[in-house]
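Asker: attaching a predicted model along with its sequence, questions to come.
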Number of protein chains: 4
Amino acid sequence: MTFRQHLHRQLDPEAWPGRGLSPLNWAVFCLIWLSIVFGVAATEPSVAGWLGGRLLLIDHLLLAVFAVEYAGRLWVCGLNPKFRGARGFFRYLVTPASIADLVVILPLLLPTPSTWMLIFRLLRILRLLRLAAMPHIHAAMREFYEALAAKRFELIFTLFLGVILILLSSTTLYLVERQIQPEIFGSIPKAMWWSVVTFTTVGYGDAVPVSTLGKFCAGLYAVLGLGLVAMLTGVFASALSHAAELHDKNKSVD
Amino acid sequence: MTFRQHLHRQLDPEAWPGRGLSPLNWAVFCLIWLSIVFGVAATEPSVAGWLGGRLLLIDHLLLAVFAVEYAGRLWVCGLNPKFRGARGFFRYLVTPASIADLVVILPLLLPTPSTWMLIFRLLRILRLLRLAAMPHIHAAMREFYEALAAKRFELIFTLFLGVILILLSSTTLYLVERQIQPEIFGSIPKAMWWSVVTFTTVGYGDAVPVSTLGKFCAGLYAVLGLGLVAMLTGVFASALSHAAELHDKNKSVD
Amino acid sequence: MTFRQHLHRQLDPEAWPGRGLSPLNWAVFCLIWLSIVFGVAATEPSVAGWLGGRLLLIDHLLLAVFAVEYAGRLWVCGLNPKFRGARGFFRYLVTPASIADLVVILPLLLPTPSTWMLIFRLLRILRLLRLAAMPHIHAAMREFYEALAAKRFELIFTLFLGVILILLSSTTLYLVERQIQPEIFGSIPKAMWWSVVTFTTVGYGDAVPVSTLGKFCAGLYAVLGLGLVAMLTGVFASALSHAAELHDKNKSVD
Amino acid sequence: MTFRQHLHRQLDPEAWPGRGLSPLNWAVFCLIWLSIVFGVAATEPSVAGWLGGRLLLIDHLLLAVFAVEYAGRLWVCGLNPKFRGARGFFRYLVTPASIADLVVILPLLLPTPSTWMLIFRLLRILRLLRLAAMPHIHAAMREFYEALAAKRFELIFTLFLGVILILLSSTTLYLVERQIQPEIFGSIPKAMWWSVVTFTTVGYGDAVPVSTLGKFCAGLYAVLGLGLVAMLTGVFASALSHAAELHDKNKSVD
């Protein structure tokens, strides 16, 4: 077995004979997380100050490793029957996972100003898409997708009700409170901030009606909003139950 | 095929041979959304100032288009067997969708003061009722309706528990905190604002007990309220699951 | 048919031949709601001031009507086979609904100071217990009861996890923030207010950690709390689904 | 029957012939709760001041009782066939419940400074683990475990979506609001506090976007977050429904 074949086994999830991810892919997976944590932490001024010049060094090191890995993947992809030959190579180049790999190392190819560097550091999250190739995660995603697809019109209708409730509630509060709190309810788009914060039951408290009529309307809408949240949750729950049942039935038929 | 027949095909969802909405109805649908977005944005002083006189122009343009569309619908409705003849025409005039169409163009027929204009701009949302005529959305609405109708007494009972919890909790907090925070808990209707905000788990934070006893009671009620929200969600979820099962059973019998 | 028999038909839900509540019971039901709304509104100083002496008048009028109704119920209860004879009469006197009826008119029998009057006004809510005798509401209550009884150990376990999470989180935040915010996290019972407000996802915002470590721990606990809420809702949803299925199976066997 | 055998019956849940817990175990269970409540209340300065020297006395009393109980459990454990002989005794010593019992009485064996004492007082909660040995609670735990294990990939995927949403939303708000509110959105880790508080729908209100763009993005993320919460709840509900169904099927096969 040549080195290229060994590398292909390690890098291509479909070629790995064992269960789960190969050791090399696990290492890459951990490195991606580490690089994301690093990218997040580096925005903290105290951490950035402490790192100083090492920040750029670590950045380039990570980019170099990812570039080597990308080159490795391009080298071995031809061993997968799906990507054999020159046309297969181009097909591989435009797979979502491969594009994500390329995007991540772009700052190495082009000089990048520091503000854009931040975006690139966080784009590394796209590389986690490879996880979707793991059979178990893939099955879970399929299940979610099928459940949601089967209930898509119920979801659209719930979303539609939500949009109507937001329009109605923000208009009501705009009419009632626009003169009392012009900063918060002075226009319908402004009042929509209150609507969204209330209907998602987040309730920051920066936008709250103060008049008795406003509170009465807000209370009514909050209860309606709760009903909508319960409806949305119910749709998800019944969709997932339904998908699980169909799955069981199909299995028992086999 | 005459122009009237072509128009009928485009305007009447039941006459459209393809799936979904006809191109003309899609255009109308988008125009309604646009007009709503326009109505919402126009309440923002900066947008209204920038638009100036054009605001009225756009308004009248939209009204004119809707009027032409309304006239078109009246002209072709007779081609639908359900609305044939003079009596059919009057039956069409009083369908909810047709009334909504008329209400929306009322400001064109009557001179309307500017504050009322706002209401009329937002009434255009009523026209989205036509969406309910789309077979898939209609089926989703039927499913929700049947699920909720089958569990209506469970929902009434949950609502009843909710009302009792709100009455009990607002009375408790009124008794405990009325002297400490007369502005917030000075009467039971005032304390109800706190109750509704807590039981819907919105929690703005503008009404919060400050005494130890008040916090203890509020904590207990918050936990009870969470149980009630879980119960409401459970009723919705089980109702929708049940409706989906019945639907499957009926299908497999056919 | 004597007047007593007519009255019995109207007052005793079991004797009413039609569906739902009899007209007289509907009237009583509405009067109870009205008296509760009145009791709630009367705590508002502006309403109380406007009513003035009429407040006491309305109170005594309501009490008189309830007293007459109570007397009527006692007079006709003997016509129900369950409460026949002297022993049946005493059995009727101690039914929960009858005790609630008596408690409500107590202020008429005893002179009551004004602060207690408030409590009595709100105790009228107990009279709504009669609603539970309506067959459909009774069936819904039974369904809830059976569902919760079947899953009682799951609910106890969830509650137990909730108590442990509240204890752990309040201890953690007490250890981290007691010196920074002694007013809010100065003792575990004080920190529990934060815990309950966070785990029920109410989040008033009057108790919030300010240190980085405190925020990190609070964030972790908030996510765990959300999982607990999802678990609680899931238990309710699956309990109600299960009860509905058993109900269907029993029906199809009959 | 010797005293040792009587004690074994009372202390070992598996040896108790009746249903539920034996009287002695109930007493121990209540004592543990009391000691936890005591440990919580003692952090309140007013309670600690009122207790004064008695605080230490009660502490040592509780420790003594727990030590006696621990000794008793060691003495009788050999009567359980699972822990017979010297090797059985060591196997008993390292059971989680036995380790928890020992940890709780450690302060008696070692002199403990007062700040650590607090931790030990709250570690008593570990002793409640014994509850898991009760058959009904054990069955409920098993049901939860099986339901979650069967849906573990769905849960991992939901968690993964949650992490990505938190990363995306905190980066967005950091980019939009870092110059306006450097204290709150000045770095991605700081903005994560806002993300977690929003996605769990807690919404304290101490971190809120103020710019129009920030509010628009925050509103979108809040809606997405609500969808994620609904998805998580749906996974729990469908997992528990599924576990209950399998349980019923197995029962009907037997």
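Answerer: In hand now; what should we look at?

Asker: where along the stretch 51-200 of chain A do the strands fall?
Answerer: With DSSP state E, counting those that start in this stretch as the definition, the stretch 51-200 of chain A shows no strands.

Asker: and the stretch 151-254 of chain A, which of its residues are near chain D?
Answerer: Residues of the stretch 151-254 of chain A found near chain D (C-beta under 8 Å from any C-beta of the partner chain) are A:162, A:192-193, A:196-197, A:200-206, A:229, A:232-233, A:235-241, A:243-244. Where you see a C-beta, it was placed from the backbone N, CA and C, and this is true even at glycine.

Asker: so which of these reach chain B?
Answerer: A:Met192, A:Thr201, A:Val202, A:Gly203, A:Tyr204, A:Gly205, A:Val229, A:Thr233, A:Val235, A:Ala237, A:Ser238, A:Ser241.

Asker: buried subset of the residues of the stretch 151-254 of chain A next to chain D?
Answerer: For those, a burial check counting by 16 or more other C-beta atoms under 10 Å in any protein chain shown picks out A:162, A:192-193, A:196-197, A:200-206, A:229, A:232-233, A:235-241, A:243-244.

Asker: according to the record, where do the domains of chain A fall?
Answerer: According to automatic domain parsing, chain A is divided into the following domains: A:3-132, A:147-253.

Asker: tell me which of those sits most buried.
Answerer: Stretch with highest mean neighbour count among these: domain A:147-253 (a mean of 21; mean count of other C-beta atoms under 10 Å in any protein chain shown).

Asker: quick one, grab the pLDDT at the spatially closest residue to A:Ala64 that is not a sequence neighbour.
Answerer: Once flanking residues are discounted, A:Ala64 sits nearest to A:Leu108: 7.3 Å by C-beta to C-beta, 6 or more residues apart in numbering or on different chains. For A:Leu108, the pLDDT comes out at 76.

Asker: now do the contacts for A:His247.
Answerer: A:Glu143 (C-beta atoms under 8 Å, 6 or more residues apart in numbering or on different chains).

Asker: quick check: A:Ile32 touching A:Leu126?
Answerer: No: applying C-beta atoms under 8 Å as the test, A:Ile32 and A:Leu126 come out as separate, 9.6 Å apart.

Asker: surely A:Leu161 meets A:Leu228?
Answerer: Yes: at 6.2 Å, A:Leu161 counts as touching A:Leu228 under the criterion of C-beta under 8 Å.

Asker: SS state for A:Gly205?
Answerer: coil (DSSP: H, G, I helix; E, B strand; the rest coil).

Asker: relative to chain C, how far out is it?
Answerer: The gap separating A:Gly205 from chain C is 5 Å, by C-beta to the nearest C-beta, to the nearest Å.

Asker: give the contact list for that residue.
Answerer: A:Gly205 touches B:Gly203, B:Tyr204, B:Gly205, B:Asp206, C:Tyr204, C:Gly205, D:Gly203, D:Gly205, counting by C-beta under 8 Å, 6+ apart.

Asker: A:Leu213 too?
Answerer: Applying C-beta under 8 Å, 6+ apart, the residues contacting A:Leu213 are A:Val176.

Asker: what of A:Ala41?
Answerer: So A:Ala41 contacts A:Val47, D:Ile188, D:Pro189 (C-beta under 8 Å, 6+ apart).

Asker: D:Tyr174 is in contact with the second one, correct?
Answerer: Read that as D:Ile188. Yes: under the criterion of C-beta under 8 Å, D:Ile188 makes contact with D:Tyr174 at 5.0 Å.
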